[in-house]
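*Asks:* Here is my input; please provide its structure:
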Amino acid sequence: MKYLPLNRIVEVIDGLIINNQNSNPIIKNVVLGDSTTIKDSTLIFFPEKSKLENYRDVKFCAIVTQKPERYNDFAQSFTIIKVKNSKRSFEKFIKFYRNLFELPVVGITGTCGKTTTKEMVSSILKADMNLVKTIASKNKRKRNLSYLMKINKKTDVAVIEVGVGNPGGIVKFDKFFKPSIGVITNIGVDHGLGFKTHQAYINEKAKMVQIINKNKGTIILNIDDENIKKFDLRKFEGRIIYFGLSQSAHFKASNIHYDVNGMKFSLHYDNEVFECKIKCFGTHNVYNALAALAISTTLGVPILDAIQRLGNFTPLKRHLQIKTGINQCTLIDDTWNTNSKSIEAALEALVNLSKGKKTIAVLGDIEELGELSESEHKKIGSFIHKYIIDQLVTIGNESKIIAQQAIELGMNQHNIYMINKKEDLINVLSKTADANSVVLIKGSMRNSFKYILQKLIFPKLQ
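*Replies:* Below you'll find the predicted structure:
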């Protein structure tokens, strides 16, 4: 954070210091009331009284509130700033702080690939830029403030992953960061509980185009995505960059094939062809790589440098990580998160990596689908049939629909195991997996497989 005098902030938010404050201390940290990172010289918006009790001993803290009478007991420990409207004052501060910096901000959204794309582009940029980026997949809107506060005068660029669990996430992101580059990796089905309809979810993702248009920036889109194809871009006044496999993509991949340690492909860009490799498996990761290259070149990184740095990118944990598992099988850990689009991508990788070995797909319930749960789980059952998976293990009640659909499409029910507990997976795989098997375990971070994986992965190679 750029350090700021308290009086300057008070002026910006139209506040009034109501208890004795004779000095003009420097604010070094700004948090929301539920934060656990309160330290000396912190300014707190929307303070929670229960949390404040833990920080009475700090040398200086200030709280912003429209109801100062609620905090009379803290008047000796904290400087209290009265405002007419806490929400409006917070928004004024956010706008003021963001406007202190002239720097590009990249916003990456999409159903799948956000985190990997963000990490890929960050690995390219970090060689010659100071960057602020989202931590792992921690992309909820309540974290916007903490990422904004990481920006200071030394920051060259911010790369922020934008999650959309319910309406308003994209607009909120814009209020904090004013992005000049927006990226939509793809749009599948997700967050059915947060949106009344799938179209509402699509419309929310499309708002990235709207805010980039307002900011007169660059939008980077997956040209092959069926939902993105439906966007009306006739009124878009900024720059549009497409990536994908289609002939008209600005960043086009061809000659995609699996290699020993990842993927190789030819990149068609600016009337030239470049050979690329990434240490990640799956065609979907080629798409992520194309998006990362598009972002990097837009920010001024020479294409050859970007390609070379991308080749050194290390895959993320629990994203199609290949390990040796139970009974010497090949185990693919893809348990970070799940939805129908990412499951299809994982099944495609499973088949290509098996090279004739027996394929076993272990799939858990997909959460937060609401009324779309049955149709999405049926869709996955169709994927099992499409990719001719040899054996299927489902875990949970909803995932039984996957098995039932696979059976209806002709899969032998003797090759399907429906279990209710993750713990039962050890018994199933101990009987079905061997050195001639490739096992994909695909689940959600919200329904952790970490404990079971520790028992399934060959100890000497963990």
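*Asks:* can you give me the helices in this structure?
*Replies:* 6-12, 49-52, 86-98, 114-125, 144-150, 169-177, 198-214, 283-298, 303-310, 340-354, 373-386, 400-408, 424-432, 450-456 (DSSP state H).
*Asks:* Could I get the buried residue list for the longest one?
*Replies:* Right, helix 198-214. 198, 201-202, 204-213 (16 or more other C-beta atoms under 10 Å). The way it works is simple: take the backbone N, C-alpha and C, and place the C-beta from them, glycine included.
*Asks:* other SSEs contacting it?
*Replies:* strand 105-109, helix 169-177, strand 181-184, strand 218-222 (3 or more C-beta pairs under 8 Å, 6 or more residues apart in numbering; DSSP states H and E).
*Asks:* Nearest to residue 36, out of those?
*Replies:* helix 169-177 (20.2 Å; C-beta to C-beta).
*Asks:* Give the other helices and strands that the closest one contacts.
*Replies:* helix 86-98, strand 105-109, helix 144-150, strand 157-161, helix 198-214.
*Asks:* CA atoms of it as PDB?
*Replies:* Output in PDB follows, covering the C-alpha atoms of helix 169-177 (Å, rounded to 0.1, in the frame of the first residue of the first chain):
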ATOM      1  CA  GLY A 169     -19.000  -9.500  -9.300                       C
ATOM      2  CA  ILE A 170     -17.700  -8.000 -12.500                       C
ATOM      3  CA  VAL A 171     -19.000  -4.500 -11.800                       C
ATOM      4  CA  LYS A 172     -17.600  -4.700  -8.300                       C
ATOM      5  CA  PHE A 173     -14.200  -5.700  -9.700                       C
ATOM      6  CA  ASP A 174     -14.300  -2.700 -12.000                       C
ATOM      7  CA  LYS A 175     -15.000  -0.300  -9.100                       C
ATOM      8  CA  PHE A 176     -11.900  -1.500  -7.400                       C
ATOM      9  CA  PHE A 177      -9.500  -1.900 -10.300                       C
END
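*Asks:* and the angle from it to strand 105-109?
*Replies:* 160 degrees (axes from the mean of the first three to the mean of the last three C-alpha atoms, to 10 degrees).
*Asks:* Please give the centre-to-centre distance between helix 169-177 and its chain.
*Replies:* How far helix 169-177 lies from its chain's middle: 15 Å, per C-alpha atoms, centre = their mean, to the nearest Å.
*Asks:* what does the average pLDDT come to for that helix?
*Replies:* If you average the pLDDT over helix 169-177, you get 95.
*Asks:* Where does the prediction get shaky in this structure?
*Replies:* Applying pLDDT under 70 to the chain picks out residues 21-22, 191-193, 444-449, 458-462.
*Asks:* that older thread, out of the helices and strands packed on helix 169-177, which is closest to residue 368?
*Replies:* helix 198-214 (11.1 Å).
*Asks:* Contacts for the closest one next, please.
*Replies:* The contact list for helix 198-214 (C-beta atoms under 8 Å, 6 or more residues apart in numbering) reads 107, 109-111, 162, 164, 167-171, 173-174, 179-184, 187, 189-192, 194-195, 218-219, 227, 231, 233, 235-238, 372.
*Asks:* Please identify which of the buried residues of helix 198-214 is nearest to residue 144.
*Replies:* residue 211 (13.8 Å).
*Asks:* gap between that closest one and residue 19?
*Replies:* Noted for residue 211: a distance of 40 Å to residue 19, by C-beta to C-beta, to the nearest Å.
*Asks:* thinking again about what came up before, buried subset of the contacts of helix 198-214?
*Replies:* Using 16+ other C-beta under 10 Å, the buried ones in the contacts of helix 198-214 are 107, 109-111, 162, 164, 167, 169-170, 173-174, 179-184, 187, 189-192, 194-195, 218-219, 227, 231, 238, 372.
*Asks:* Now residue 40, what are its backbone angles?
*Replies:* phi -60, psi 140 (degrees, to the nearest 10).
*Asks:* In JSON lines, list the helices and strands packed on helix 198-214 along with distance to residue 421.
*Replies:* Formatted as JSON lines, the entries for those read as follows, by distance: least, C-beta to C-beta, whole Å:
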{"stretch": "strand 105-109", "distance to residue 421": "34"}
{"stretch": "helix 169-177", "distance to residue 421": "34"}
{"stretch": "strand 181-184", "distance to residue 421": "37"}
{"stretch": "strand 218-222", "distance to residue 421": "37"}
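*Asks:* of all those, which lies closest to residue 33?
*Replies:* Here helix 169-177 is closest among the helices and strands packed on helix 198-214 (C-beta to C-beta), at 17.3 Å.
*Asks:* For the closest one, which outside residues touch it?
*Replies:* So helix 169-177 is contacted by 91, 94-95, 98, 105, 107, 109, 141, 144-145, 147-148, 158, 160, 162-164, 179, 204-205, 207-208, 211, 214-215 (C-beta under 8 Å, 6+ apart).
*Asks:* what's the angle between it and strand 157-161?
*Replies:* Going by the same axes, to 10 degrees, helix 169-177 makes 160 degrees with strand 157-161.
*Asks:* Can you check what angle separates helix 169-177 from helix 198-214?
*Replies:* On the basis of the same axes, to 10 degrees, helix 169-177 is oriented at 30 degrees to helix 198-214.
*Asks:* Give the full set of residues in contact with residue 382.
*Replies:* So residue 382 contacts 405, 409 (C-beta under 8 Å, 6+ apart).
*Asks:* What of residue 237?
*Replies:* Contact analysis of residue 237 by C-beta under 8 Å, 6+ apart lists 213, 216.
*Asks:* Pull up the gap between it and residue 214, please.
*Replies:* Remark: distance between residue 237 and residue 214 (C-beta to C-beta) = 9 Å.
*Asks:* same question, residue 370
*Replies:* In terms of C-beta to C-beta, residue 370 sits 31 Å off from residue 214.
*Asks:* One more: residue 80?
*Replies:* 37 Å.
*Asks:* cool, residue 274 as well?
*Replies:* Taking C-beta to C-beta, one finds residue 274 at 34 Å from residue 214.
*Asks:* Repeat that for residue 367.
*Replies:* Following C-beta to C-beta, the distance that separates residue 367 from residue 214 is 33 Å.
*Asks:* do residue 25 as well
*Replies:* 37 Å.
*Asks:* same check, this time on residue 308
*Replies:* Residue 308 is 35 Å from residue 214, by C-beta to C-beta.
*Asks:* Kindly report the same for residue 272.
*Replies:* 33 Å.
*Asks:* picking up where we left off before, among the buried residues of helix 198-214, find me the one that's closest to residue 431.
*Replies:* Among the buried residues of helix 198-214, and counting by C-beta to C-beta, the member closest to residue 431 is residue 198, at 39.1 Å.
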